[in-house]
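Visitor: After the sequence you'll find the predicted model.
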Amino acid sequence: MVHLSTVRAAACALLVLLSSGCALQAPRYQPSIDNVEVIKRSQARPVMIGNFSVQAGAVGGSAIGLRGSSMASPVGSDYAAYLADALRQELALAGKLDSKSDIELSGLLTKNDIAAGGFSTNSGEIEARFIVKSGGQVRYDAVKRAELSWESSFVGAIAIPKAQQQYPVVVQQLLKALLEDAQFKSALR
């Protein structure tokens, strides 16, 4: 005969398991060939990646909630590190990354979110402030934002992996907005 205390313990363990959600990791960033080409054509001088941080209280700075799951950055301890790494990769592929450059690009992640609870579509958005300094003087200071929607499903087993896969694409869109900004290009010359 099963004791009532054993049933209660099993029920409590199941409740904890179901309510804890899963920890996921965002896919590593894959550079956009289009973004790399924009950098190559921009006549930019080599750039050093400076400090990237998360604004205090920013949504999705250290983890992004995907229904009952939490998605962490595979780089560093937060998504500011992910953003810095994405820029580092694109600049390196374009031949414009130099750790000794007098042009420094830094940033502040202000918003980073994925909505994965829709019935047929889901979306992601990211926003960051980018600062370019040359010789210690600010040459560029602007906030850039990107949004992306994609077809999905209400079924979590489909929606969560799809949202996870789309995150790097949202970041690519943010970098595209930055790299195509004429004032940004001018600050790197």
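Guide: On my side now, so go ahead. The model shown is predicted, which means the values in this text are computed figures rather than measured ones.

Visitor: Let's see stretch 27-38 as CSV, backbone CA atoms only.
Guide: Provided in CSV are the C-alpha atoms of stretch 27-38 (Å, rounded to 0.1, in the frame of the first residue of the first chain):
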residue,chain,number,x,y,z
PRO,A,27,22.5,30.1,-30.5
ARG,A,28,25.9,31.6,-31.1
TYR,A,29,25.9,34.6,-33.4
GLN,A,30,26.5,34.0,-37.1
PRO,A,31,27.7,37.1,-38.9
SER,A,32,25.6,38.5,-41.7
ILE,A,33,27.4,38.6,-45.0
ASP,A,34,25.3,41.7,-45.9
ASN,A,35,26.5,43.5,-42.8
VAL,A,36,30.1,42.6,-43.5
GLU,A,37,29.8,43.9,-47.0
VAL,A,38,28.3,47.2,-45.7
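
Visitor: mind listing what's buried in that stretch?
Guide: 29, 31-32, 35-36, 38 (16 or more other C-beta atoms under 10 Å). Where you see a C-beta, it was placed from the backbone N, CA and C, and this is true even at glycine.

Visitor: ok, now stretch 79-94?
Guide: Applying a neighbour-count criterion of 16+ other C-beta under 10 Å, the buried positions in stretch 79-94 are 79-91, 93-94.

Visitor: try stretch 53-70
Guide: 53-54, 58, 60-66, 69-70.

Visitor: how much distance is there from that stretch to the middle of the chain?
Guide: 10 Å (C-alpha atoms, centre = their mean, to the nearest Å).

Visitor: circling back: what's the closest of the buried residues of stretch 27-38 to residue 176?
Guide: Residue 176 lies nearest to residue 35 out of these, by C-beta to C-beta, at 5.6 Å.

Visitor: can you map out the strands along the protein?
Guide: Ranges of strands in the chain, per DSSP state E, are 23-25, 48-54, 63-66, 69-72, 103-115, 121-134, 137-151.

Visitor: would you turn these into JSON lines with distance to residue 42 and mean pLDDT?
Guide: Formatted as JSON lines, the strands of the chain follow (distance: least, C-beta to C-beta, whole Å; pLDDT from 0 to 100):
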{"stretch": "strand 23-25", "distance to residue 42": "32", "mean pLDDT": "85"}
{"stretch": "strand 48-54", "distance to residue 42": "16", "mean pLDDT": "98"}
{"stretch": "strand 63-66", "distance to residue 42": "31", "mean pLDDT": "84"}
{"stretch": "strand 69-72", "distance to residue 42": "32", "mean pLDDT": "87"}
{"stretch": "strand 103-115", "distance to residue 42": "12", "mean pLDDT": "94"}
{"stretch": "strand 121-134", "distance to residue 42": "12", "mean pLDDT": "91"}
{"stretch": "strand 137-151", "distance to residue 42": "13", "mean pLDDT": "91"}
